[in-house]
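A.B. asks: quick one, fold the following:
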Amino acid sequence: MMPPGLLISAPASGTGKTTVTLGLIAALRAAGQVVQPFKCGPDYIDPAFHTAAAGRASVNLDSWAMSPARIARLAQVAQGADLIVAEGSMGLFDGVAQPGETGIGASADVAGQMGWPVVAVLDVSGQAQTAAAVAAGLAAFRPGLTLAGVILNKVASPRHEALVRRGMEAAGLPVLGVLPRRATVALPERHLGLVQAEELPRLRAILDEAAAFVAEHCDLGAIRALAATRPAQVTALPPLPAPGERIALARDAAFSFVYPHLLADWRAQGATLLPFSPLADEGPDETATVCWLPGGYPELHAGRLAAAGSFRTALTRFARTRPVHGECGGYMALGAGLVAADGTRHRMAGLLGLETSFAKRRMHLGYRLARPHHPLPGAIGNAALRGHEFHYASILSQPDTPLAHVEDANGAAVAETGSLRRLDAGGRVSGTFFHLITPAEARP
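C.D. replies: Numbers count the residues shown, from 1 in each chain. Take a look at the predicted model:
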């Protein structure tokens with residue numbers, strides 16, 4: 001039996017929904033509730049904070065990359081919880097122009113499939129009754145989706161609150177919380193968004209502050225009572241294919257962006273994960289059959305990676321006979337060099353010819369559909385892949401064999417094709433700028 005759930009969303013990014021979500025999860029947990037968190041869309045950072053707040057692993061649900069059956073299957077991790085709290089991405093209905101597996105990648109797609117009512121976090125600074133017009137627009141935009149209520153954020157004064165409440169009453173929308181401006185609860189930001197959970201020494205204190213803040217200013221009982229779900233028919237699906245039987249997985253502050261559902265499915269197929277830390281100058285386990293370097297922040301640790309001679313030697317030895325694959329930051333680390341923001345070039349592993357630079361930042365962001373020209377490691381093979389790209393690196397040189405034909409969500413070809421290099425002893429090294437979410441299940 002699936003527990004009831006709700007989606008925390010907003011009209012736009014930057015309204016405070018992550019802080020509200022974390023505070024709500026932590027407050028409900030403190031009140032004795034077992035909360036299962038989810039994140040809608042392709043996000044690597046928020047789920048780590050959710051996991052810390054809930055004590056249960058947060059899972060990504062993505063309507064562009066995942067079929068309805070895949071979403072329903074992943075949602076089953078909520079079994080045994082009292083309540084589901086999902087966090088949306090961007091605005092409630094924001095996505096791409098062309099649908100993918102289930103929808104356009106909008107949080108509303110997932111809420112609609114799962115039957116989760118929506119609680120909208122509204123930044124009401126600089127407006128009063130007009131906030132109700134925005135909320136009413138959210139409520140009416142998609143038939144069948146329920147906007148159950150709103151949480152008002154950045155309320156300036158009791159008078160301001162009264163004016164906003166008057167508008168909400170006229171629109172027939174319950175006010176579930178009123179949050180005054182308070183900068184101390186905000187999470188610090190980094191160039192790719194929020195800092196990673198493991199990088200924040202005050203994380204527990206911030207979660208406690210957020211929980212107290214939300215509990216003081218929101219009606220937890222009313223929010224809990226709004227949660228709902230609809231029965232989802234769970235189709236038997238095979239786990240997502242693993243790249244090998246024994247996977248040496250780079251795992252530290254420079255290589256931490258990998259979707260939890262991938263690791264869970266790899267384990268479900270019997271694969272063994274063997275973590276190692278390039279930043280600690282460790283190489284891949286010699287008993288591994290494949291090495292996987294996830295994305296992360298190699299540009300912030302480029303000096304340490306350049307100095308990690310034992311890691312580089314061990315990785316080169318491993319690659320002679322077994323496949324090595326890198327995603328985004330892992331791909332850059334496999335390249336010949338990386339130019340940091342200050343213009344300094346740092347030596348990387350040199351297993352690919354890729355040269356990247358952060359000296360001139362250029363955002364690369366969006367869904368990706370890849371059709372490999374050459375098979376990826378293990379059972380992943382030649383399947384068409386859905387993923388997501390998000391980085392600020394510029395390509396200076398990408399001389400190796402293109403790995404795949406890659407398109408954005410609108411079907412336009414992108415230059416970041418990935419790379420492949422075959423080694424004389426039978427090994428092969430590959431990399432992509434996109435993070436794998438799932439093989440394409442519907443016909444693109």
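A.B. asks: do a quick rundown of the strands in the stretch 1-150 of the chain.
C.D. replies: Using DSSP state E, counting those that start in this stretch, the strands of the stretch 1-150 of the chain run over 5-9, 35-40, 59-61, 83-87, 118-123, 147-155.
A.B. asks: same list (those strands) but as TSV, adding distance to Gly221.
C.D. replies: C-beta here means a position set from N, CA and C on the backbone, and glycine is covered the same way. Converted to TSV, these look like this (distance: least, CB to CB, whole Å):
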stretch	distance to Gly221
strand 5-9	13
strand 35-40	15
strand 59-61	26
strand 83-87	12
strand 118-123	14
strand 147-155	13
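A.B. asks: nearest to Ala254, of those?
C.D. replies: strand 59-61 (21.3 Å; CB to CB).
A.B. asks: can you list the strands that the closest one pairs with?
C.D. replies: strand 35-40 (parallel) (DSSP bridges).
A.B. asks: same list, the strands of the stretch 1-150 of the chain, but as JSON lines with mean pLDDT, distance to Val290 and mean neighbour count please.
C.D. replies: Formatted as JSON lines, those follow (pLDDT from 0 to 100; distance: least, CB to CB, whole Å; neighbours: other CB atoms under 10 Å):
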{"stretch": "strand 5-9", "mean pLDDT": "98", "distance to Val290": "36", "mean neighbour count": "26"}
{"stretch": "strand 35-40", "mean pLDDT": "98", "distance to Val290": "27", "mean neighbour count": "27"}
{"stretch": "strand 59-61", "mean pLDDT": "97", "distance to Val290": "23", "mean neighbour count": "24"}
{"stretch": "strand 83-87", "mean pLDDT": "98", "distance to Val290": "33", "mean neighbour count": "26"}
{"stretch": "strand 118-123", "mean pLDDT": "98", "distance to Val290": "41", "mean neighbour count": "26"}
{"stretch": "strand 147-155", "mean pLDDT": "97", "distance to Val290": "45", "mean neighbour count": "23"}
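A.B. asks: any idea which of those strands gets closest to Gly326?
C.D. replies: strand 59-61 (20.4 Å).
A.B. asks: next one: the closest one to chain centre, how far?
C.D. replies: Centre-to-centre, strand 59-61 and its host chain are 8 Å apart (CA atoms, centre = their mean, to the nearest Å).
A.B. asks: rewinding a little: so which of the strands of the stretch 1-150 of the chain is nearest Thr15?
C.D. replies: Taking the strands of the stretch 1-150 of the chain one by one with CB to CB, strand 118-123 is closest: 4.3 Å.
A.B. asks: which one, of the strands of the stretch 1-150 of the chain, ends up nearest to Val406?
C.D. replies: Going by CB to CB, the one of these nearest Val406 is strand 59-61, 20.5 Å.
A.B. asks: just the pLDDT for the residue nearest to Gly55 when sequence neighbours are not counted.
C.D. replies: Once flanking residues are discounted, Gly55 sits nearest to Arg29: 6.6 Å by CB to CB, 6 or more residues apart in numbering. pLDDT, Arg29: 97.
A.B. asks: quick check, Arg29 in contact with Ala54.
C.D. replies: Yes - at 6.1 Å, Arg29 counts as touching Ala54 under the criterion of CB atoms under 8 Å.
A.B. asks: touching both of the two, which residues are there?
C.D. replies: Both Arg29 and Ala54 are in contact with Val35, where contact means CB atoms under 8 Å, 6 or more residues apart in numbering.
A.B. asks: counting neighbours, go ahead and name the busier of the two.
C.D. replies: Using other CB atoms under 10 Å as the criterion, Arg29 and Ala54 rank with Ala54 on top: 23 against 20.
A.B. asks: from Ala440, how far out is that one?
C.D. replies: Noted for Ala54: a distance of 31 Å to Ala440, by CB to CB, to the nearest Å.
A.B. asks: please apply the same query to Gln98.
C.D. replies: 13 Å.
A.B. asks: out of these two, which sits in the busier spot?
C.D. replies: Ranked by neighbour count (other CB under 10 Å), Gln98 and Ala440 place Ala440 first, with 19 against 14.
A.B. asks: who are the contact partners of the more buried one?
C.D. replies: So Ala440 contacts Glu101, Leu369, Ala383, Ala384, Leu385, Arg386 (CB under 8 Å, 6+ apart).
A.B. asks: apart from its chain neighbours, what residue comes closest to the fourth one?
C.D. replies: Computed as CB to CB, 6+ apart, the closest residue to Ala384 that is not its neighbour in sequence is Ala440, at 4.0 Å.
A.B. asks: same thing with the second one?
C.D. replies: Of all residues beyond its chain neighbours, the one nearest Leu369 is Glu407 (4.9 Å), with distances taken as CB to CB, 6+ apart.
A.B. asks: touching, the one you found and Gly366? I think so.
C.D. replies: No - counting by CB under 8 Å, Glu407 stays clear of Gly366, with 10.1 Å between them.
A.B. asks: quick check: the gap between the residue nearest to Ala384 and Leu274.
C.D. replies: 29 Å.
A.B. asks: where does the protein have low pLDDT?
C.D. replies: 183-201, 442-444 (pLDDT under 70).
A.B. asks: residues contacting Gly337?
C.D. replies: Gly337 neighbours (CB under 8 Å, 6+ apart): Arg345, His346, Arg347, Met348, Glu355, Thr356.
A.B. asks: nearest to Pro377, of those?
C.D. replies: For these, the nearest to Pro377 is Met348 (20.0 Å; CB to CB).
A.B. asks: contacting residues around the closest residue in space to that closest one that isn't next to it in sequence?
C.D. replies: Spatial nearest neighbour of Met348, chain neighbours left out: Gly335 (4.9 Å); criterion: CB to CB, 6+ apart. Gly335 makes contact with Met348, Ala349, Gly350, Leu351, Leu352, Gly353, Leu354, Glu355, Thr356, Gly431 under the criterion CB under 8 Å, 6+ apart.
A.B. asks: out of those residues, flag the one nearest to Ala156.
C.D. replies: Thr356 (44.8 Å).
A.B. asks: wait, a helix at the closest one?
C.D. replies: No - the assignment for Thr356 (DSSP: H, G, I helix; E, B strand; the rest coil) gives strand, which keeps it out of a helix.
A.B. asks: tell me the contacts of the residue lying closest to it once chain neighbours are set aside?
C.D. replies: Distance criterion CB to CB, 6+ apart; nearest residue to Thr356, sequence neighbours excluded, is Ala393 at 4.3 Å. Shown in contact with Ala393 (CB under 8 Å, 6+ apart): Glu299, Met332, Leu338, Thr356, Ser357, Phe358, Arg362, His364.
A.B. asks: redo the residues you listed as JSON lines? Include neighbour count.
C.D. replies: Listed next are the contacts of Ala393 as JSON lines, based on neighbours: other CB atoms under 10 Å:
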{"residue": "Glu299", "neighbour count": "24"}
{"residue": "Met332", "neighbour count": "31"}
{"residue": "Leu338", "neighbour count": "25"}
{"residue": "Thr356", "neighbour count": "25"}
{"residue": "Ser357", "neighbour count": "22"}
{"residue": "Phe358", "neighbour count": "22"}
{"residue": "Arg362", "neighbour count": "11"}
{"residue": "His364", "neighbour count": "18"}
